[in-house]
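Engineer: Here's my sequence, what's the structure:
(chains A and B)
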Protein chains: 2
Amino acid sequence: MAGRQAIIVDWGTTNFRAYRFDAAGEALAEHRAAAGILSVTDGAFEAVLDREIGAWITADCELLFSGMITSRNGWVETPYAETPASLAALAAASLRRQHSSGAPMRFLPGVAMRQPAPDVMRGEEIQVFGACAPDEEAIVVLPGTHSKWVRHREGRIEAFHTFMTGEVFAALKGHTILGRLLPDGASGTPEAFAAGVTHMRTHAGAGLLHAAFSARSKVLFNELAPADISEYLSGLVIGAEMAGGLALGSAPGRIRLVGEPALTARYAEAARLFGLASEIAPADSTIRGFRRLAVLKETRA
Amino acid sequence: MAGRQAIIVDWGTTNFRAYRFDAAGEALAEHRAAAGILSVTDGAFEAVLDREIGAWITADCELLFSGMITSRNGWVETPYAETPASLAALAAASLRRQHSSGAPMRFLPGVAMRQPAPDVMRGEEIQVFGACAPDEEAIVVLPGTHSKWVRHREGRIEAFHTFMTGEVFAALKGHTILGRLLPDGASGTPEAFAAGVTHMRTHAGAGLLHAAFSARSKVLFNELAPADISEYLSGLVIGAEMAGGLALGSAPGRIRLVGEPALTARYAEAARLFGLASEIAPADSTIRGFRRLAVLKETRA
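Structural biologist: Down below sits the predicted model:
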């Protein structure tokens, strides 16, 4: 698609992000909104797209979509590319549609692993390819609502595992007895986060169902301040994810983190406490992934 | 207290249960209500007690309380008896008050373990003593909102561990993406429960945060019916508890289950799938526990 103006739309469950490029592949603009697919009613995806970035869209640009917008609950459901999945396989499985302006639209597939148990992702695969050199072997960890641990090797996503870390954290904090002890507006300390990670590392065998209760019993015995419950709980769930990722044997002593800086910083600290090296991938991994897909021209950047 | 009429009040977070006995220790009546301490506003515990069983209370009976009613959020906060805790230690730590009728009231303590990490229970300890002979060594498992795995030996509670199984199940089902796929009114199959237990047994290392996502990905690939999500998830969380209990090294090949029949049957099946023998304790373990505390006369039963 080099030579055409391109608009990349990374449209997930809770967030909408779009990037506009000129025909030479130079970034022109970026737009973010809390307009994830869960906020779209009656399937009005095109109307939301036009509301957010309609001013960018002309008949001679191409729109590229990845993320949950390509899922069953999104706009155009694409099939999954199965592991091991290359960029070429993603391109081959994409579906073409036309915007009402006449602009061509391409919806990229997600990636599925079928054995030993099924697992799926939509959107993270582009970031993984953007975070790795083509011939590089790496474990890429993408923290979030549904964190992913992904093995990239020989230009392919070989295997990956999802952890419901962010969503379970929110459910524990918002909908169990643990959150009821937390004062409104409490901010917590980094020490409480580290204590949660360390507790989980040293009690991993008993699992999160047991460790989570310590957020209550430690408060009863003044070993944890109520204001620190949220940070401690964050440490427990991220620690549980670290223990799980390590148990899967997928981390050769080092992980590469992709995501929001506040979250990757937490994961880097948790990895350190688990004796695991980590590095933060460039913030523009999504854009780099689209460049590797050759939908954007290479630029000096 | 033998020789006095006795009323036992097992008052928990969500349920109120009371048992009335004559001076000879014979059971006269039982009363249950969904009137747990969370439903009591403005500390009106005595008013709720009188509403539920006021007709039983006279100045010459004794009222005995155990459960969350003796917690910081309850009526009279009792100190914890620390492990190893005997029945005599529970009796010694109980607090005395007087009902407005003049009847004496005793509030029994909960039990705390302080090392290696703090853990607490209130109410289950009486059931554990009721489920075991005084000199018996056993692992007693009490399924529920906050399940307990308790080691009873030489007449004492030596150690125990809490698992937030019931509460996390409800939070996952009610407040994550997993429950949103479940059709209203779906009942599910025992096979789905067994599949959840088995999945957790074979993927225990990666932990519940990873296994829980399989309730979604298996539905996407038609390996699990949406109507079976709740049963599968129940199998996953109970399986996670089994894996945790076994990892703690607290189960010498056999557990004794105390609780509601529908729940102990689930746990017995999960234990079987983990290769762990189980037996169901008598349904009247609470009453047996109070008999061992010598607040009720022995009867022919």
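Engineer: buried residues in stretch A:196-216?
Structural biologist: Neighbour counts over stretch A:196-216 (16 or more other C-beta atoms under 10 Å in any protein chain shown) mark A:196-201, A:203-204, A:206-216 as buried. In short, each C-beta sits where N, CA and C put it, glycine included.
Engineer: For chain B, tell me which of these show up nearby.
Structural biologist: The residues of the buried residues of stretch A:196-216 that also fall near chain B, by C-beta under 8 Å from any C-beta of the partner chain, are A:199, A:203-204, A:206-210, A:212-214, A:216.
Engineer: tell me the two of those that are most distant?
Structural biologist: Pairwise distances among those were taken by C-beta to C-beta; the largest, 19.3 Å, belongs to A:A204 and A:R216.
Engineer: hmm, back to that, among the ones next to chain B among the buried residues of stretch A:196-216, name the ones in helices.
Structural biologist: Those of these mapping onto helices are A:199, A:208-210, A:214, A:216, per DSSP state H.
Engineer: Touching stretch A:190-198 from outside, list them.
Structural biologist: A:215, A:224-225, A:228-229, A:231-236, A:238-239, A:242, A:266, A:269-270, A:273-274 (C-beta atoms under 8 Å, 6 or more residues apart in numbering or on different chains).
Engineer: and A:P226, how many neighbours?
Structural biologist: Burial of A:P226, expressed as a neighbour count using other C-beta atoms under 10 Å in any protein chain shown, amounts to 14.
Engineer: my read is A:F65 is in a strand, agree?
Structural biologist: Yes - A:F65: assigned to a strand according to DSSP: H, G, I helix; E, B strand; the rest coil.
Engineer: surely it meets A:G110?
Structural biologist: No - using C-beta atoms under 8 Å, A:F65 is not in contact with A:G110; the gap is 11.4 Å.
Engineer: The residue nearest to the spatial centre of chain A and A:L90: what is the separation?
Structural biologist: Closest to where the C-alpha atoms of chain A average out (C-alpha atoms, centre = their mean) is A:L142, at 4.7 Å. Computed with C-beta to C-beta, to the nearest Å, the distance linking A:L142 and A:L90 is 16 Å.
Engineer: what do you get for A:A270?
Structural biologist: For A:A270 relative to A:L90 (C-beta to C-beta), the value is 30 Å.
Engineer: more crowded one of those two?
Structural biologist: Neighbour totals were compared for A:A270 and A:L90, and A:A270 leads with 28 against 22 (other C-beta under 10 Å).
Engineer: Not counting residues beside it along the chain, what's closest to the residue of chain A positioned farthest from its centre?
Structural biologist: Of all residues in chain A, A:F221 has its C-alpha farthest from the mean position, at 36.9 Å, by C-alpha atoms, centre = their mean. Counting by C-beta to C-beta, 6 or more residues apart in numbering or on different chains, A:F221 lies nearest to B:P118, which is 4.7 Å off, once chain neighbours are set aside.
Engineer: Wait, the one you found touches A:K218, no?
Structural biologist: Yes - taking contacts as C-beta under 8 Å, B:P118 lies within contact range of A:K218: 5.8 Å.
Engineer: what does the stretch 1-150 of chain A have sitting close to chain B?
Structural biologist: Residues of the stretch 1-150 of chain A lying near chain B by C-beta under 8 Å from any C-beta: A:72, A:112, A:114, A:116-120, A:146.
Engineer: Counting neighbours, which of those residues comes out on top?
Structural biologist: Counting neighbours by other C-beta under 10 Å, A:D119 comes out on top of the residues of the stretch 1-150 of chain A next to chain B with 24 neighbours.
Engineer: Many thanks, have a good one.
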